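Undergrad: Requesting a structural model of the entry that follows:
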Amino acid sequence: MVLKYDLPDIIRTERLTLRAPAITDLDDLVALANNWQVVEPTAVMPFPYSQDDGRAFLATIGDAGTPRAYAIANGDDRLMGVVSLKFAEGKSPELGYWLGQPHWGKGYAPEAAMGLVQAAAAAGIAEINARVLQSNAASIRVLEKAGFKTIEHTHSVVERHRGKPLLIMAWSAS
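TA: Now for the predicted structure:
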């Protein structure tokens, strides 16, 4: 079984660096995440997103029970968003991500997702799942560009989206 610590510390793509989020990212993290359009499609990000929320997130980086999170950083090493893999015993890892609104529509989200998926494949991960609201066409396109296919139509059980149509998508190395 591949563990989150088997993934590389730094992943480089054509335009991005995926690296551990750090306290130096706090101001960018809060500025970008404190936006309902960014937070609403996520399952668990709080809103409004405060400095305390950012500090709490950063304090969990590296904890055994939390997702393996990477800051999506541009050429100036400024945080643009976060991409992560959540690991649970007996399940395929689950991809999650968000990108700050100023960076939407430029291909950064699929590039970050593909970078993490390729690194996971190199570490021996054979399948990755993702959940996306059926109404979130942009996120569905991100996942499709990263090689994910819809495997199930269901409904959300998380409080924020309870009952809304949800797609389960999967990427497979084979």
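Undergrad: where do the helices sit along this protein?
TA: In order along the chain, the chain carries the following helices (DSSP state H): 26-33, 36-39, 51-60, 108-122, 137-145.
Undergrad: tell me which residues in the longest one are buried?
TA: For helix 108-122, a neighbour-count test (16 or more other C-beta atoms under 10 Å) marks 108-117, 119-121 as buried. All C-beta atoms are positioned from the backbone trio N, CA, C, and that covers glycine.
Undergrad: I'd say Ala109 and Val142 touch.
TA: Yes - contact between Ala109 and Val142 holds when scored by C-beta atoms under 8 Å: they sit 4.5 Å apart.
Undergrad: shared neighbours of those two, which are they?
TA: Taking C-beta atoms under 8 Å, 6 or more residues apart in numbering as the criterion, Ala109 and Val142 both touch Tyr97.
Undergrad: For Val2, give me the pLDDT.
TA: As summarised for this prediction, Val2 has a pLDDT of 65.
Undergrad: Asp6 now?
TA: pLDDT, Asp6: 89.
Undergrad: How about the one 10 residues further on?
TA: According to the per-residue confidence, Leu16 scores 98 in pLDDT.
Undergrad: any idea how far it is from Asp77?
TA: In this structure, Leu16 and Asp77 are separated by 10 Å, where distance is defined by C-beta to C-beta, to the nearest Å.
Undergrad: Between these two, which is the more surrounded one?
TA: Set side by side, Leu16 and Asp77 show unequal neighbour counts under other C-beta atoms under 10 Å, the larger going to Leu16 at 22 against 12.
Undergrad: Tell me if I'm right that the more buried one and Ala112 touch.
TA: Yes - between Leu16 and Ala112 there is a contact at 5.8 Å, judged by C-beta under 8 Å.
Undergrad: Could you tell me which residues touch both of the two?
TA: Where contact means C-beta under 8 Å, 6+ apart, the residues bridging Leu16 and Ala112 through contact with each are Ile72.
Undergrad: got the buried residues for stretch 164-174?
TA: Of the residues in stretch 164-174, those buried under the neighbour-count criterion (16+ other C-beta under 10 Å) are Leu166, Leu167, Met169, Ala170, Trp171.
Undergrad: for stretch 76-94, same thing?
TA: When neighbours are counted by 16+ other C-beta under 10 Å, the buried residues of stretch 76-94 are found to be 78-87, 92-94.
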